[in-house]
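**Student:** this one's structure only:
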């Protein structure tokens, strides 16, 4: 028993494999989204993203131009190349939509009404008809198409009007909406953790209770209030809304962290004559940095990704769109059919949060753990 | 040489800036097939300089661009400053902003159900007196559009709130003329012929239909259109109205029969691409792609007039794809019923400019300006049909104007709980195997519960 702490479990390889499996499983949707962001709408609805790295044999249709027909040996003949100016390799072809790959390249297909069609593997074709050719006949063929990825979706998004404006608007909303609640919550958390006053327990219970109130309930009354006091739909309004919605979690998180700080330090500071404000700024605040940082990440991610609060509390004109609103209301097209744009927009909009997360994640982990392990 | 280049550049810059002044008006200020006379009269008699007007609606993306081109003409005529903002979640946004007192002046509702709800809560302002008479006289099947725009106000009195601006025809079947030609199939004129054709395609080894009900949170709505079309083809218009008002119960044998008519197509594995199990899971936006694949995954797709927006890029109307009227039974003598839907303007925050905008909407040119951009049908009888962007829109417009019976999408008229809830989910249950009678009874129970 006393040697357990030092030995390595003989099953550690199983643990490692399952961790890798779980990570892969977890990443699949994101990888799919990333791959889709390089494909256009038609490709996405034609094949799954997992097939996109492979060359696929696809069926194509071209029209032989009827006005190029020349009478040769008693039959009207059209010659040409299915690839036009380009090149490719035809594997099979056909003369009917219902059977587009009936014949092997190089064979001569006997079509209805004594028409014939020959397509070579380099794409050159000969179409003959004893009667006059009035409509452009269709030639169907199968050819392998290489994987096709493009940056068009990203270009569309980056080049769309007001995208820079939307980016700045998002920052304008996000940064104050992260800083204001931290400032308020840090004071409140200190008071709830280390100052003795009547009703403290009740206040803490109230804050915890507020955590479960869905913010959707507050949208209409809060906006009515904003309109009445004259803030209306504005950036000031959305900062206040985000602050209000973020405070319960912020206070709860910071208070739980601060309560775990060693009592001795704070008491000895007080014995030395420090006021509460000095204790807060000189001792508690520096020690709470991991918790502050982890809440900042939470709040930043939440306000960055927010769509609902932005739609309600900001004016609806395109000058005050944040990125999420811009993507949902402008880029996705009418009735939201542009999946490729959606995928690319998702990656553009998560770029900043990813950077924030990776630069600050050690605080996140430390902040979450530090409160639980003493 | 260099100097002359600069001068010509300056000339171009100057001329383009003067062109830009006109350039706000995408189709010029005269000429074309537009009805200019009434527009010029309106422009002379209306002056809203310095006034602003806000409009929200569910038109986003390229539809937003189109409606903004129409609005530019209103701005040019009146000097008003109109801002339009489209929202993907319009139905929620408009309720929040109206209740909290920050509503826009006008809202373009995609369907009447929500407008009726808001009217009954006193959040809408009735249109100017005389609008109802005007619509009755100037729209094709005018009285039905008046009825669809008339709702009970807070005190229960009927008032005219909604002015219909954009109409969708739903009774259309899309097909590839080339595939039909190669298969030797003719356009069916009657429902009997359509069923024969469906069996014929199966016998030839093909799959006749593409049906997709997927639509995110709204999954199931395309099936409600099918059932409504079937209701109109198996029952009288009066029965249809009674069904919408729930005077005829949802589990009435006639309704169940209509659901089963739909099931005859959707629940037959041989009839639909991917088998009946794929119907509920296929997204309605991806569903028409089967028409264009080689070999075709299906030959026909029943969907409303807006669906070309989801055809693959470069699809040519009339060439790669065309449509025919979803036919009626020859032996039922119910005429040629047409199912449709439409968007309407309602005043959410009254102002002079809002009333003037509704006046502008009465002008033929307000409709023609969008008709010429495509994807727009109107019931306005005074418009010049020559302004339709293409023959297929014109043909759809004619279907609309020649309908012996026009009925509005029932699910848009039923209470939201049913028309945008129980009916949708019930249809998903039905195509995945539930019994039609059970599904209908479940929907009726929900309806009883909210009454």
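**Tutor:** That came through, no problem. Keep in mind that what you see is a predicted model, and the values were worked out from it rather than measured. Numbers count the residues shown, from 1 in each chain, chains lettered A, B, ... in the order given.
**Student:** and the residue of the stretch 201-350 of chain B at minimum distance from chain A, what does it touch?
**Tutor:** Nearest residue of the stretch 201-350 of chain B to chain A, counting by C-beta to the nearest C-beta: residue B:294, 3.9 Å away. For every residue, glycine as well, the C-beta is placed using N, CA and C. Taking C-beta atoms under 8 Å, 6 or more residues apart in numbering or on different chains as the criterion, residue B:294 is in contact with A:59-61, A:97, A:100, A:140.
**Student:** Could you identify the most distant pair in those?
**Tutor:** Of all pairs drawn from the contacts of residue B:294, the greatest distance, 11.6 Å, lies between A:60 and A:97 (C-beta to C-beta).
**Student:** State the distance from residue B:420 to residue A:186.
**Tutor:** Distance, residue B:420 to residue A:186, using C-beta to C-beta, to the nearest Å: 45 Å.
**Student:** now the contacts of residue B:294: which count as buried?
**Tutor:** Among these, those scoring as buried are A:59-60, A:97, A:100, A:140 (criterion: 16 or more other C-beta atoms under 10 Å in any protein chain shown).
**Student:** Which strands or helices does the host helix or strand of residue A:57 pack on?
**Tutor:** Residue A:57 is located in strand A:56-63, with elements delineated by DSSP states H and E. Judged by 3 or more C-beta pairs under 8 Å, 6 or more residues apart in numbering or on different chains; DSSP states H and E, strand A:56-63 is in contact with strand A:138-145.
**Student:** any idea of the angle the strand it packs on forms with strand A:56-63?
**Tutor:** Between strand A:138-145 and strand A:56-63, the angle comes out at 150 degrees (axes from the mean of the first three to the mean of the last three C-alpha atoms, to 10 degrees).
**Student:** Name the residues of strand A:138-145 that come out as buried.
**Tutor:** The neighbour-count check on strand A:138-145 (16+ other C-beta under 10 Å) flags A:138-143 as buried.
**Student:** chain center to that strand: distance?
**Tutor:** Strand A:138-145 has its C-alpha centroid displaced from the chain centroid by 36 Å (C-alpha atoms, centre = their mean, to the nearest Å).
**Student:** show me where chain A has helices.
**Tutor:** For chain A, applying DSSP state H gives helices covering A:12-36, A:41-46, A:152-159, A:163-194, A:200-210, A:219-229, A:235-259, A:263-271, A:276-278, A:285-287, A:289-305, A:308-313, A:323-326, A:339-370.
**Student:** pLDDT at residue 121, what is it?
**Tutor:** You didn't say which chain, so I picked chain A. On the pLDDT scale, residue A:121 is placed at 84.
**Student:** not what I meant, chain B
**Tutor:** Note for residue B:121: predicted pLDDT of 91.
**Student:** With adjacent residues omitted, what lies nearest to it?
**Tutor:** Leaving aside its sequence neighbours, residue B:121 sits nearest to residue B:154 (C-beta to C-beta, 6 or more residues apart in numbering or on different chains; 6.8 Å).
**Student:** For the residue nearest the centre of chain B, give me its contacts.
**Tutor:** Geometric centre of chain B, nearest residue: residue B:168, 2.8 Å, by C-alpha atoms, centre = their mean. Taking C-beta under 8 Å, 6+ apart, we find residue B:168 in contact with B:304-306, B:340-342, B:377.
**Student:** same deal with residue A:55?
**Tutor:** Contacts for residue A:55 (C-beta under 8 Å, 6+ apart) come out as A:144-147.
**Student:** where in the stretch 151-300 of chain A is pLDDT low?
**Tutor:** Filtered on pLDDT under 70, the stretch 151-300 of chain A yields no residues whatsoever.
**Student:** Can you name the residues of it sitting close to chain B?
**Tutor:** Contact residues, the stretch 151-300 of chain A versus chain B (C-beta under 8 Å from any C-beta of the partner chain): A:219-221, A:223-224, A:226-228, A:232-233.
**Student:** now those in TSV, with neighbour count?
**Tutor:** TSV is the format used below for these (neighbours: other C-beta atoms under 10 Å in any protein chain shown):
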residue	neighbour count
A:219	20
A:220	17
A:221	11
A:223	23
A:224	15
A:226	23
A:227	16
A:228	11
A:232	16
A:233	21
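**Student:** Looking at chain B, which strand is longest?
**Tutor:** Secondary structure assigned by DSSP state E gives strand B:337-347 as the longest strand of chain B.
**Student:** and that strand, what other elements does it pack with?
**Tutor:** Judged by 3+ C-beta pairs under 8 Å, 6+ apart, the packing partners of strand B:337-347 are strand B:106-109, helix B:112-120, strand B:163-169, helix B:221-234, helix B:352-362, helix B:391-402, strand B:405-408.
**Student:** Show me which of these has the highest average neighbour count.
**Tutor:** Across these, the average number of neighbours (mean count of other C-beta atoms under 10 Å in any protein chain shown) peaks for strand B:106-109, which reaches a mean of 26.
**Student:** Can you tell me what sits against that one?
**Tutor:** Applying C-beta under 8 Å, 6+ apart, the external contacts of strand B:106-109 come out as B:53-59, B:67, B:90, B:94, B:115, B:162, B:165, B:343-349, B:354, B:357-358.
**Student:** which residues touch the residue in the stretch 151-300 of chain A positioned nearest to chain B?
**Tutor:** Per C-beta to the nearest C-beta, the residue of the stretch 151-300 of chain A with the smallest distance to chain B is residue A:223, at 3.6 Å. Contacts for residue A:223 (C-beta under 8 Å, 6+ apart) come out as A:233, A:237, A:312-313, B:96-97, B:100-102.
**Student:** So which of the residues you listed wins on neighbours?
**Tutor:** The residue in these with the most neighbours, by other C-beta atoms under 10 Å in any protein chain shown, is residue A:313 (28 neighbours).
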